[in-house]
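In: Dropping a prediction and its sequence here:
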Amino acid sequence: MGGGAGGGAYRVGGGVSPPTVLTHVRPRYTEDALQTRIQGSVMLELIVRENGVPDTIRVVRSLDPGGLDMEAVQAVRQWRFRPGRIDGAPVDVFVTVMVNFHLY
């Protein structure tokens, strides 16, 4: 169980180090988003568990509710992290992640 506010995940700062990305999976562009040339970023909030696995992923700023938001969530579910730590011990940490979509 976490030891942050309310017994949940910690926030970075005050002795809590941030998680770092070890494995990064790129999101897919949907056909609709390609055809309409949507570009930008989806902002996600999530908890990086003490085992480095993302959990409780939520869209904070949407880019395309019809598809790219879901692609961002699916990609981040596959990411793996070095967990955040307190005094060298891994802990659950609440983070914000930006997932970018750009046409080349």
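Out: That came in fine, so what should we check first? Residues are numbered from 1 along each chain as shown.
In: mind listing what's buried in the helix-or-strand element of the chain with minimal mean pLDDT?
Out: Within the chain, confidence by mean pLDDT, DSSP states H and E is lowest for helix 31-35 among all helices and strands, at a mean of 93. By neighbour count on 16 or more other CB atoms under 10 Å, the buried set for helix 31-35 is Ala33. No exception for glycine: its C-beta is placed from N, CA and C like everyone else's.
In: The helix or strand following it - what's its average pLDDT?
Out: Proceeding N to C from helix 31-35, the next assigned helix or strand is strand 40-48, under DSSP states H and E. The average pLDDT for strand 40-48 rounds to 98.
In: next one: strand 40-48 to chain centre, how far?
Out: For strand 40-48, the separation from the chain centroid amounts to 4 Å (computed by CA atoms, centre = their mean, to the nearest Å).
In: do stretch 21-29 as well
Out: Per CA atoms, centre = their mean, the centroid offset for stretch 21-29 relative to its chain is 10 Å.
In: how close does Leu63 get to Trp79?
Out: Leu63 is 18 Å from Trp79, where distance means CB to CB, to the nearest Å.
In: what's the answer for Pro54, then?
Out: To Trp79, Pro54 is 6 Å away according to CB to CB.
In: Strands along the chain, start to end?
Out: For the chain, the strands defined by DSSP state E occupy 10-11, 20-23, 40-48, 54-61, 80-82, 84-86, 89-91, 93-101.
In: what's in contact with the second one?
Out: Contact with strand 20-23 is made by Gly52, Gln78, Trp79, Arg80, Phe81, Arg82, as judged by CB atoms under 8 Å, 6 or more residues apart in numbering.
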